[in-house]
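Engineer: starting from these lines, generate the structure:
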Amino acid sequence: MPQIYVSIAQKGKTESTATARTHNVTIDRSEAKGGTDNGAMGGEVFLMGLAGCFMSNLLAAINARELDITNVAADLTAETVEKPLRFSEIDIAVTANYLDKKEMEKLIVIAERACLVANTLKDAVKLTVRLVN
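Structural biologist: Numbers count the residues shown, from 1 in each chain. Take a look at the predicted model:
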């Protein structure tokens, strides 16, 4: 199986730049946590990674079937617990313009099963993915 490589380097007192292939993401702490808020926090980037992985698989499933589904979006909500601080539950709420609800629900299951990040997390946190509209 191919490896995925990401690097990160300090950019400022509290911020870093993460690089994957030719793409960069600034990661920082919020001002409330002593940062400069020049980027998302690491936990937020983690959730963005899950969202991006899921969405790319969902769009691939839609496009492979040449379906008329538009305005696809997903909102993630994550619950945290302490000792150690971690995510305990993540909910992905999907919205889109579609004609067939059952078909859309099937596509969501396909995307979830194909998502590397979701598959990694399933045994670690309560992960739910659901169609909202």
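Engineer: tell me who's in contact with the residue of the chain positioned farthest from its centre.
Structural biologist: Within the chain, the residue lying farthest from the chain centre (Cα atoms, centre = their mean) is Lys13, at 26.7 Å. For Lys13, the contact set (Cβ atoms under 8 Å, 6 or more residues apart in numbering) comprises Thr36. Using the backbone N, CA and C atoms, a C-beta is placed for each residue, glycine as well.
Engineer: cool, the one 5 residues further on as well?
Structural biologist: Under the criterion of Cβ under 8 Å, 6+ apart, the contact list for Ala18 reads 6-8, 24-27, 45.
Engineer: that one: which element?
Structural biologist: Using DSSP states H and E, Ala18 sits in strand 16-20.
Engineer: sheet partners, orientation included, of that strand?
Structural biologist: Neighbouring strands of strand 16-20 in its sheet, by DSSP bridges, are strand 7-10 (antiparallel), strand 23-27 (antiparallel).
Engineer: give the buried residues for the first one.
Structural biologist: It stands for strand 7-10. Buried residues in strand 7-10, counting neighbours by 16 or more other Cβ atoms under 10 Å, are absent.
Engineer: about what we covered before: just the buried ones out of the contacts of Ala18, please.
Structural biologist: For these, buried by 16+ other Cβ under 10 Å: 25, 27.
Engineer: quick revisit: the residue farthest from the centre of the chain falls within a strand, correct?
Structural biologist: No - read with DSSP: H, G, I helix; E, B strand; the rest coil, Lys13 is coil and lies in no strand.
Engineer: check contacts around Leu67.
Structural biologist: 98, 103, 107.
Engineer: most neighbours among those, please name it.
Structural biologist: The most crowded member of the contacts of Leu67, judged by other Cβ atoms under 10 Å, is Leu107 (26 neighbours).
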